[in-house]
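> When you get a sec, could you give me coordinates for this:
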Amino acid sequence: MCSASTSNVRFITFVNTSYMQAENQQKVFDVLLWFEVGALVFSWIEFLYLFYLFAFIRSMHFNLTFLFMNYGGQYFFSTISRFFLIYEQFGYEPDDNLKMIIFYANYVRTIGVFIAMYILPTFMVERSV
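So this is what the prediction gives:
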């Protein structure tokens with residue numbers, strides 16, 4: 001980030017909001033955050049519909065239904081915690097209670113993604129052997 005050109009940081013995944021403010025790109029960042037909120041709400045609706053299908057329509061084997069429901073549940077809790085992180089990124093000053101919620105939201109999101117991406121394939125291999 002010491003370079004005057006932004007081409008050196010095009011693969012960065014963490015967005016430094018003070019850099020965005022210094023470059024007068026805060027509006028672009030806010031639009032992207034609102035787009036992410038919309039995408040998260042859409043994914044919640046999709047997840048709730050799929051959860052209903054998995055719970056009440058028995059068209060697949062129980063083990064496969066169980067795996068998909070666990071995977072979706074981890075994703076669902078991960079997106080809930082992402083909403084708390086987006087709230088902080090909009091620039092609102094969090095009080096002490098919100099700081100603790102954001103702290104725990106980071107851990108819930110990390111644990112949820114870890115379980116969904118690394119542990120569930122182990123269950124899948126165990127079920128198919």
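
> Now name the helix or strand holding residue 83.
Residue 83 belongs to helix 62-89 when assigned by DSSP states H and E.

> Could you list every helix and strand in contact with that helix?
helix 26-56, helix 96-114, helix 120-128 (3 or more CB pairs under 8 Å, 6 or more residues apart in numbering; DSSP states H and E). Backbone N, C-alpha and C define where each C-beta goes, glycine included.

> With mean pLDDT, mean neighbour count and distance to residue 79 as new columns, can the ones you listed be given to me in a markdown table?
Below are the helices and strands packed on helix 62-89 laid out as a markdown table (pLDDT from 0 to 100; neighbours: other CB atoms under 10 Å; distance: least, CB to CB, whole Å):
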| stretch | mean pLDDT | mean neighbour count | distance to residue 79 |
| --- | --- | --- | --- |
| helix 26-56 | 86 | 12 | 5 |
| helix 96-114 | 74 | 14 | 9 |
| helix 120-128 | 63 | 11 | 17 |
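
> Can you add distance to residue 90 and give those back as TSV?
Output for the helices and strands packed on helix 62-89, formatted as TSV (distance: least, CB to CB, whole Å):
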stretch	distance to residue 90
helix 26-56	6
helix 96-114	12
helix 120-128	32
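
> quick one: residue 114 and residue 77, what's the gap?
12 Å (CB to CB, to the nearest Å).

> Equivalent analysis for residue 23, please.
Counting by CB to CB, the gap from residue 23 to residue 77 is 34 Å.

> more neighbours, these two?
Per other CB atoms under 10 Å, whichever of residue 23 and residue 77 has more neighbours is residue 77, with 18 against 11.

> Verify the contact between that one and residue 105 for me.
No: Residue 77 is not in contact with residue 105 according to CB atoms under 8 Å; the separation is 9.7 Å.
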